[in-house]
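*Asks:* below is the sequence, then the predicted model.
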Amino acid sequence: MTALLTIAVLVLVAIAIWQMTKIFELSQIKTDNSQIANDKDNKYNGYLMFAFLIFLYGITIFSFWKYTKVLLPEAASEHGGEYDSLMITSFVIIFIVQTLTQALLHYFSYKYRGEKGKKALFYADNDRLEFIWTIIPVVVLAGLILWGLYTWTNIMDINDEDDPLIVELYAQQFNWTARYGGEDNVLGEANVRMIDIDRANVMGLDESDPNAGDDIIVKELHLPVGRKVNFKMRSQDVLHSAYMPHFRAQMNCVPGMITQFSYTPTITTEEMRLNPDVVDKVKRVNGIRAEKAAQGLPNSEPWEFDYILLCNKICGKSHYNMQMKIIVESEEDYNKWMAEQQTFAATIASIQE
Ligand SMILES: [Cu+2]
């Protein structure tokens, strides 16, 4: 509300200033009252073009200096590196082209500003020039698109080779649940119509399916490092999107269908906590939190880095907080954790007792 009022006040002040300048202008007796731009106007606009170019470069440098540190750390999945190089290459190309074309655009606007007696040269066409400015973008874009398609098909090649771990990610407003296939690594059939809250069947598992009994339902995702994981996504209510930024993975969760994504985690949580970028980020966040703690504000306990699964589709009121912790650990630790979890059959049995 305060923000809205502030904006309203600023807009009104701007209108008032604008009206006042108009009155001031009208009150002046002008010798030259023509609406046609004269040399002085053109020169003034030419310099303004230059000023705008400096502003553009300034804001670019400022953004690099101020915001690059909030970028994600190194990719923690096998395909992540390939994805990152594609993105950084695209960014570098865009950056170079943008820097050059903006400089030329603004410089020429200044150089060829209107001047009395100066006439534009009539220059119909130049085949060679047109050929060059067509062929270069064609080659560069075709290269990027082909590389992109190749990377995309590589990443989206979800198959059962190399004995992948099968994990279901179940989305609902506003939390995540994960399900493992259990001993047989096969997920039991499930459907939202079979949800039975009274019997703690929150994901709608088909109790008559022999594959369902050993399924393990958890609220914290553990993954063994180096093993391929095939994710199957489901949604109970609306569109959600399973986003695991550190693994460069995202897939929509669509009610009524199962979507998939597959990746191999390569860096454990413990290792990632030692990554210089992560150490830096944790330090910065905890600096802010320490300040908050000094003022007695909430959310001020020291933070420790963890991988996360986020929802990346605005799915409702608490969308912003729809997340689940992901822990990547050694196979040994993973097995130990898994052994402590309760199977679906055991949960159901304990409810019935
Ligand atoms: Cu969501």
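*Replies:* On my side now, so go ahead.
*Asks:* the helix or strand encompassing Leu223: how far from the chain's middle?
*Replies:* Take DSSP states H and E as the rule and Leu223 turns out to sit in strand 221-224. Put simply, strand 221-224 sits 22 Å off its chain's centre (CA atoms, centre = their mean, to the nearest Å).
*Asks:* list the helices and strands that strand packs on?
*Replies:* Packing partners of strand 221-224 (3 or more CB pairs under 8 Å, 6 or more residues apart in numbering; DSSP states H and E): strand 165-172, strand 323-329, helix 331-339. (Glycine included, C-beta is placed from N, CA and C.)
*Asks:* please repeat the previous calculation with a cut-off of 6 Å.
*Replies:* Judged by 3 or more CB pairs under 6 Å, 6 or more residues apart in numbering; DSSP states H and E, strand 221-224 is in contact with strand 323-329, helix 331-339.
*Asks:* looking at those, which is nearest to the ion?
*Replies:* Closest approach to the ion among the helices and strands packed on strand 221-224 (CB to the ion): strand 323-329, 9.6 Å.
*Asks:* quick one: the strands in the stretch 201-350 of the chain?
*Replies:* 216-218, 221-224, 229-235, 240-244, 249-253, 259-263, 307-311, 323-329 (DSSP state E, counting those that start in this stretch).
*Asks:* need the residues of the stretch 101-250 of the chain near the ion, please.
*Replies:* Counting by CB under 5 Å from the ion, the stretch 101-250 of the chain comes close to the ion at His240.
*Asks:* residue ranges with poor pLDDT in the stretch 101-250 of the chain?
*Replies:* Nowhere does the stretch 101-250 of the chain drop to pLDDT under 70.
*Asks:* looking at it, which residue is nearest the ion?
*Replies:* Closest point on the stretch 101-250 of the chain to the ion, by CB to the ion, is His240, at 3.5 Å.
*Asks:* tally of neighbours for Val328?
*Replies:* For Val328, the count of nearby residues is 27 (other CB atoms under 10 Å).
*Asks:* read off the pLDDT value for it.
*Replies:* With respect to pLDDT, Val328 scores 96.
*Asks:* would you confirm that it contacts Leu223?
*Replies:* Yes. Between Val328 and Leu223 there is a contact under CB atoms under 6 Å: 5.0 Å.
*Asks:* what is in contact with the two at once?
*Replies:* Residues touching both Val328 and Leu223 (CB atoms under 6 Å, 6 or more residues apart in numbering): Pro265.
*Asks:* note down every partner strand of the strand holding Leu223 and its orientation.
*Replies:* Take DSSP bridges as the rule and strand 221-224 pairs in its sheet with strand 323-329 (parallel).
*Asks:* next one: the residue nearest to Ala37 when sequence neighbours are not counted relative to Ala120, how far apart?
*Replies:* Excluding the flanking residues, the one nearest Ala37 by CB to CB, 6 or more residues apart in numbering is Gly114, at 6.2 Å. According to CB to CB, to the nearest Å, Gly114 stands 10 Å off from Ala120.
*Asks:* okay, those two: which has more neighbours?
*Replies:* Gly114 (15 against 7).
*Asks:* just confirm that one is within a helix.
*Replies:* No. Gly114: not assigned to a helix; according to DSSP: H, G, I helix; E, B strand; the rest coil it is coil.
*Asks:* okay but it is in contact with Asn42, surely?
*Replies:* Yes. Contact status for Gly114 versus Asn42: in contact at 4.1 Å, counting by CB under 6 Å.
*Asks:* quick one: the residue nearest to Ala37 from Asp160, how far?
*Replies:* 69 Å.
*Asks:* identify the residue nearest the residue nearest the centre of the chain in space, chain neighbours excluded?
*Replies:* Nearest to the geometric centre of the chain sits Pro245, at 7.2 Å (CA atoms, centre = their mean). Once flanking residues are discounted, Pro245 sits nearest to Leu72: 5.6 Å by CB to CB, 6+ apart.
*Asks:* I'd assumed the one you found was in a helix, is it?
*Replies:* No. The assignment for Leu72, made by three-state DSSP, is coil rather than a helix.
*Asks:* what pLDDT does the model give it?
*Replies:* 93.
*Asks:* quick one: it from Met203, how far?
*Replies:* 30 Å.
*Asks:* do Leu12 as well
*Replies:* As judged by CB to CB, Leu12 and Met203 stand 54 Å apart.
*Asks:* also Gly296?
*Replies:* Distance, Gly296 to Met203, by CB to CB: 41 Å.
*Asks:* Ile158: how many residues sit nearby?
*Replies:* 15.
*Asks:* check contacts around it.
*Replies:* Asn230, Gln260, Ser262.
*Asks:* how about a cut-off of 8 Å?
*Replies:* Asn230, Gln260, Phe261, Ser262 (CB atoms under 8 Å, 6 or more residues apart in numbering).
*Asks:* for the chain, just list every one of the helices.
*Replies:* 2-27, 39-67, 80-111, 127-155, 269-272, 276-294, 331-339, 344-352 (DSSP state H).
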